[in-house]
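Engineer: can you look at this prediction? I've put the sequence above it.
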Amino acid sequence: MKEEESGGATLEKQGWTRRFVAGEPRLSEAVEAYNQAGFEVCLRSLPTKERECRTCPGEEESQRNGRECRVCFEGLEDQYRIIYTRPARRESEEAS
């Protein structure tokens, strides 16, 4: 499991798929389940309002501008992680 600082678009270019946002105890359960299913897991901190979300105007506006509303996480961003996964690499792929 990795904790990444790079942006979601960068991770997606590297083959990662964004799954969902979770906090404990569901976060640990999801990481374990993905690992058991044969995935690598990368956790990314939830962006704070200042870093990414300039306004949280509501669901309709967020969908139009391609952003997710962060109102539910305001002030609690440090308690959640975004889960990204990709199929685990086999040893032969890593040696290349």
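Structural biologist: Sure thing, it's come through.
Engineer: C-terminal to the least confident helix or strand in the chain by mean pLDDT, what's the next element?
Structural biologist: Comparing every helix and strand of the chain by mean pLDDT, DSSP states H and E singles out helix 59-64 as the least confident one, with a mean of 52. Note on helix 59-64: by DSSP states H and E, the next helix or strand toward the C-terminus is strand 80-87.
Engineer: helices or strands up against that following strand?
Structural biologist: Using 3 or more Cβ pairs under 8 Å, 6 or more residues apart in numbering; DSSP states H and E as the contact test, the elements touching strand 80-87 are helix 8-13, strand 17-23, helix 26-36, strand 39-45. Quick note: C-beta positions are derived from backbone N, CA and C, even for glycine.
Engineer: let's see that with 10 Å instead.
Structural biologist: strand 2-4, helix 8-13, strand 17-23, helix 26-36, strand 39-45 (3 or more Cβ pairs under 10 Å, 6 or more residues apart in numbering; DSSP states H and E).
Engineer: of these, flag the one that's most buried.
Structural biologist: Counting by mean count of other Cβ atoms under 10 Å, strand 39-45 has the highest mean neighbour count of the helices and strands packed on strand 80-87, with a mean of 19.
Engineer: and the contacts of that strand?
Structural biologist: For strand 39-45, the surrounding residues in contact (Cβ atoms under 10 Å, 6 or more residues apart in numbering) are 1-8, 11, 14-19, 21-22, 27, 30-35, 51, 77-78, 80-89.
Engineer: same thing with stretch 28-35?
Structural biologist: 1, 19-20, 22, 39-43, 81, 83-86, 88.
Engineer: now, which of the residues you listed sits nearest Cys69?
Structural biologist: Distance to Cys69 across those (Cβ to Cβ) is lowest for Phe20, with 14.7 Å.
Engineer: what bridges to the closest one?
Structural biologist: Ile83 (DSSP bridges).
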